[in-house]
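S.K.: sequence first, predicted model second:
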Amino acid sequence: MVRCFIFGFLVLALAPLAASATCVGPKPAIGSVVVASHTSNGLVNVYHLVGTVTNVGSSAQSSNTLQFVDIWQYGVKLDARGIPPLELGSSAHFSYSWQRAIDAASGSTTLNFTVDVRQGINCPAKRPYTLTF
């Protein structure tokens, strides 16, 4: 009897932890960011980046959701790109151009991308998407 009581108590005590591990609702996630192309004017290379955000949650976002993809380097926010509310399983693309010295070594630039929801409710996003080129 005591064992059943202790087991029941543990199940009830741990239930909130299990519920918080699985979020029910929309969850926009950055699936990829790639260097689509680059151009050079002899002084700088301009890298044209294209990314994809997909709603990998369990429901669509509300039509009044206001959200952005924030672009960071070394903890400094460089810019943001707006993305529309996403239906369940749908995706949106964003683009960004980055200038780098023509003599910069390959792999010397790292940018981080995060989803920033300013209006609307979403499941917490995973860690930032990182692109090194």
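M.R.: Cool, got the structure. Residues are numbered from 1 along each chain as shown.
S.K.: for the rest of this, base every contact and every neighbour count on C-alpha atoms.
M.R.: Will do.
S.K.: how about the contacts made by the nearest residue to V35 once chain neighbours are set aside?
M.R.: The shortest distance from V35 to any non-neighbouring residue, by CA to CA, 6 or more residues apart in numbering, is to L49 (4.5 Å). Neighbour list for L49: V33, V34, V35, A36, S37, S95, Y96, S97, W98 [criterion: CA atoms under 8 Å, 6 or more residues apart in numbering].
S.K.: tell me how far W98 lies from N64.
M.R.: 30 Å (CA to CA, to the nearest Å).
S.K.: now P84
M.R.: 9 Å.
S.K.: the two: who's more crowded?
M.R.: P84 (16 against 10; other CA atoms under 10 Å).
S.K.: picking that back up, select from the contacts of L49 the one having the most neighbours.
M.R.: Highest neighbour count within those: V33, with 22 neighbours (other CA under 10 Å).
S.K.: any idea how far Q67 is from the closest residue to I102 other than its chain neighbours?
M.R.: Nearest residue to I102, sequence neighbours excluded (CA to CA, 6+ apart): V44, at 4.7 Å. Distance of V44 to Q67, given as CA to CA: 31 Å.
S.K.: which of these two has more neighbours?
M.R.: Using other CA under 10 Å, the more surrounded residue of V44 and Q67 is Q67, with 19 against 15.
S.K.: spit out the contact partners of the more buried one.
M.R.: G82, I83, P84, P85, V115, D116, V117, R118, Q119.
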